[in-house]
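Engineer: can't give you the sequence, but here's the structure:
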């Protein structure tokens, strides 16, 4: 990953004459990687003032993200549940993740390394890489250089780092994790022995699917993967796999075609008044990062290596290079700049000279064609989605993840039953387009006279009800439907004597799991006979509201038979509202849901129009009337 | 005395000039839909576009939808074009929305985020959503203090979002209300029990800045047919309304 991306300036900084090595040999240059194990824990423990001998771990969502060596010795592992981790190691300090803190705490380490070897690039907090030539020739040998750098970091910051040498960045990082120096030219052999899961070590990129696929194909180590023909890899596994294949062969991840960005891509901002607070700096960084990305997008480029330069009021120039495995998004750029400024400003505060930043410059040190970063078809869309997603996540942070939902339309008879609410961020798992929603004509003609409003639009013929009913719906089928929708209809809720508090949310969380459908009858999607046709009520009370229906003589209107009222309704009183006169009504239509269940009691729907212009969907069940929907 | 007199006359002259300019500006045809975030106008269905002062939902403005017999349907009618165009819509504090009706009206459910139970954080949630969504619908149960209202309106203006309020919201740029809803399709009187709800006529009244104080009124069919977009009632059917307005 490093050959042609060494800029001449870096090499000169490193005290070595610049030789465009890769241009001649096509081979990656020697890279020295320095890795501090469990950096999130080190940074968090330092911030929380936890002594190194006490076991500590950083948890995300109740699972161990990283743990200290002491904790590991006591059996704590990455991915372990918190309770189990604490059971194995009772004195474990539980720490929270904070990327800002990690980046800020890492800055002194980088500064310490830079005192001896310039040209340091931060891959992420806890991991840096630098061209090996400079320090090696200066200190006279790789081992000496590594020793000096490790000592320097330990002496200045008290942080333990491991060094690794190899040809190319990917191999160097793996070497640093094992604290070995791979001899020049041995890198392919070193990589060949490692498992394919090493490709999935980058926290920003999820390659678990590829690793899993390779394992299932029997390619257990990088050597086996590297032995494949690049053309086969490209045709079978896609672009990211090609990149991984190059890595596995010990080559640079991308063919040596990277572009040196032209000078005018650099963006710069004068900060007046000088910025000495992190939040103000972050604000400035945001605008600058957006400008940078607009410029890059205009050239069809994306940035993989970002230089952040700040000039302080005291006349100092601070410069740091961040490298990314995949092209930076605007949000990722802002993060990097913010972390860097945060680190500088926090550290400057203790020095006497004026550390306020007066000028900020972002230099795209290395760019690639932006094709892979294409967002929406019109650019804007992706950005708007991202913005909306951030706002919704903020609300989730405020109220809890269940608080923000989107709706998925499913099958069902009642308006409430046809909606499944999915917390934001969860898989919406759209079911097959509900045939019921498409058009009533889609339902089999035999189904229409059976029940529901369709029956009412023609003449109701009760004699038709029974034979049809037994004919179409196979036993057991609605159970599957229940599982699919995850909700019960208002009619069924009533049947169970009213839902217990919180029933809605619990039902909503039923797994939306499509069981294999054994019988051929289930092959065709359910047609929902008796479904309420459009227009649907615009308001559906979470729980049906009790209502009273009276006739002109002030007698309560009862349902004598499933499709026969005792008298025409004249007044409807919804709980908590004044009585309203009925100006029109239609129904009742019997609801034949869950007819196979012995507890099922007959129910019927009725639409009434009140004199104030609203229309109600009334459901009769157990001798009472309920408002299941309001057409407002 | 002399100086203040001159100043007053100058102020008066300026006022006259400003009024003349305003009139000239208003006489011009409605401004074209501007590009950009702040000046953008989200589209609405054709019959409502004729009613709204900007021909659509101007970004950064506040729209109040008064309670009425067709309030929720009117909300979807106002938002459906924007939603179909890919706008993100958030609804805060309506646990009882009939989302099937929203889908039938044409709303894209995958871009309709709901916060059904914000509890005491209603204003905070609305404010947070205004940051990222194109349209935020919020509910007003009890009167909101003027300061809160102005803060939300300012947030909407700053972020180029449209704030829709279900309920009373003094100071809204546009106020929409649906009155005199009349359902067709169900049997009445001796025909009771026949038919089913079909179409509905709603008289939609729009009041707002830059409009005549009486506002604009139009009768819409909403829904015109099950699951169809609202359309204006044909002129014949509208005659009684015109007569009433004239009278």
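Structural biologist: Right, received. Where do you want to start? Because the structure is a prediction, the values reported are computed rather than measured. Numbers count the residues shown, from 1 in each chain, chains lettered A, B, ... in the order given.

Engineer: ramachandran coordinates for the closest residue to residue B:70 other than its chain neighbours?
Structural biologist: The shortest distance from residue B:70 to any non-neighbouring residue, by CB to CB, 6 or more residues apart in numbering or on different chains, is to residue B:178 (3.7 Å). (Each C-beta comes from the backbone N, C-alpha and C, glycine too.) Phi and psi for residue B:178, reported as degrees, to the nearest 10, are phi -110, psi 120.

Engineer: quick check: residue B:178 touching residue B:206?
Structural biologist: No. Judged on CB atoms under 8 Å, residue B:178 makes no contact with residue B:206 at a distance of 10.5 Å.

Engineer: where does chain B dip in pLDDT?
Structural biologist: B:1-4, B:21-39, B:225-230, B:233-247 (pLDDT under 70).

Engineer: please enumerate the strands of it.
Structural biologist: Counting by DSSP state E, the segments of chain B that form strands are B:41-42, B:57-58, B:62-65, B:89-92, B:112-115, B:135-139, B:162-166, B:174-183, B:200-208, B:216-221, B:231-232.

Engineer: got those as a markdown table, with distance to residue A:201 and mean neighbour count columns?
Structural biologist: What follows is those, written out as a markdown table (distance: least, CB to CB, whole Å; neighbours: other CB atoms under 10 Å in any protein chain shown):
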| stretch | distance to residue A:201 | mean neighbour count |
| --- | --- | --- |
| strand B:41-42 | 45 | 22 |
| strand B:57-58 | 48 | 25 |
| strand B:62-65 | 50 | 22 |
| strand B:89-92 | 38 | 26 |
| strand B:112-115 | 35 | 26 |
| strand B:135-139 | 41 | 25 |
| strand B:162-166 | 45 | 26 |
| strand B:174-183 | 55 | 22 |
| strand B:200-208 | 58 | 22 |
| strand B:216-221 | 60 | 19 |
| strand B:231-232 | 60 | 18 |
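
Engineer: for those, which one sits closest to residue A:72?
Structural biologist: Residue A:72 lies closest, by CB to CB, to one member of the strands of chain B: strand B:112-115, at 41.5 Å.

Engineer: give me the contact list for the closest one.
Structural biologist: By CB atoms under 8 Å, 6 or more residues apart in numbering or on different chains, the residues outside strand B:112-115 that reach it are A:388, A:392, A:395, A:399, A:403-407, A:421, A:424, B:83, B:88-94, B:97, B:99, B:102, B:125, B:129, B:133.

Engineer: filter these down to the ones in helices?
Structural biologist: Secondary structure assignment by DSSP state H places A:388, A:392, A:395, A:399, B:83, B:99, B:102, B:125, B:129 of those in helices.

Engineer: on that earlier part again, show me what the residue nearest to residue B:70 is bridged to.
Structural biologist: Residue B:178 forms beta bridges with residue B:204, as assigned by DSSP bridges.

Engineer: got the residues of the stretch 351-500 of chain A near chain B?
Structural biologist: Proximity of the stretch 351-500 of chain A to chain B, by CB under 8 Å from any CB of the partner chain, involves residues A:381, A:384-385, A:387-392, A:394-395, A:398-399, A:403-409, A:415, A:418-419, A:421, A:424, A:428, A:437, A:453, A:456-457.

Engineer: got a ChimeraX select line for the buried ones in these?
Structural biologist: Filtering these down to the buried ones (16 or more other CB atoms under 10 Å in any protein chain shown) takes a single ChimeraX command:
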select /A:384,385,387,388,391,392,394,395,399,403,404,405,406,407,408,409,415,418,419,421,424,437,453,456,457
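
Engineer: what's around residue A:285, how many residues?
Structural biologist: 26 (other CB atoms under 10 Å in any protein chain shown).

Engineer: now swap in residue B:212 and tell me
Structural biologist: 8.

Engineer: low-confidence regions, chain A specifically.
Structural biologist: A:1-27, A:253-263, A:325-326, A:348-354, A:369-382, A:427-527, A:593-595, A:599-600.

Engineer: can you tell me the residue of it closest to chain B?
Structural biologist: residue A:391 (2.7 Å; CB to the nearest CB).

Engineer: before we move on, back to that, so who does the residue nearest to residue B:70 touch?
Structural biologist: Residue B:178 neighbours (CB under 8 Å, 6+ apart): B:68, B:69, B:70, B:71, B:73, B:74, B:202, B:203, B:204, B:205, B:222.

Engineer: up against chain B, what does the stretch 1-150 of chain A have?
Structural biologist: So the stretch 1-150 of chain A never meets chain B (CB under 8 Å from any CB).

Engineer: quick one, strands of the stretch 1-150 of chain A?
Structural biologist: Using DSSP state E, counting those that start in this stretch, the strands of the stretch 1-150 of chain A run over residues A:30-35, A:56-60, A:63-67, A:93-95, A:121-124, A:127-131.

Engineer: in a markdown table, list these along with distance to residue A:182.
Structural biologist: A markdown table is the format used below for the strands of the stretch 1-150 of chain A (distance: least, CB to CB, whole Å):
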| stretch | distance to residue A:182 |
| --- | --- |
| strand A:30-35 | 9 |
| strand A:56-60 | 30 |
| strand A:63-67 | 26 |
| strand A:93-95 | 34 |
| strand A:121-124 | 18 |
| strand A:127-131 | 14 |
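
Engineer: I'd like these laid out as JSON lines, including distance to residue A:104 and mean neighbour count.
Structural biologist: Formatted as JSON lines, the strands of the stretch 1-150 of chain A follow (distance: least, CB to CB, whole Å; neighbours: other CB under 10 Å):
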{"stretch": "strand A:30-35", "distance to residue A:104": "18", "mean neighbour count": "25"}
{"stretch": "strand A:56-60", "distance to residue A:104": "15", "mean neighbour count": "22"}
{"stretch": "strand A:63-67", "distance to residue A:104": "17", "mean neighbour count": "22"}
{"stretch": "strand A:93-95", "distance to residue A:104": "15", "mean neighbour count": "19"}
{"stretch": "strand A:121-124", "distance to residue A:104": "12", "mean neighbour count": "22"}
{"stretch": "strand A:127-131", "distance to residue A:104": "15", "mean neighbour count": "24"}
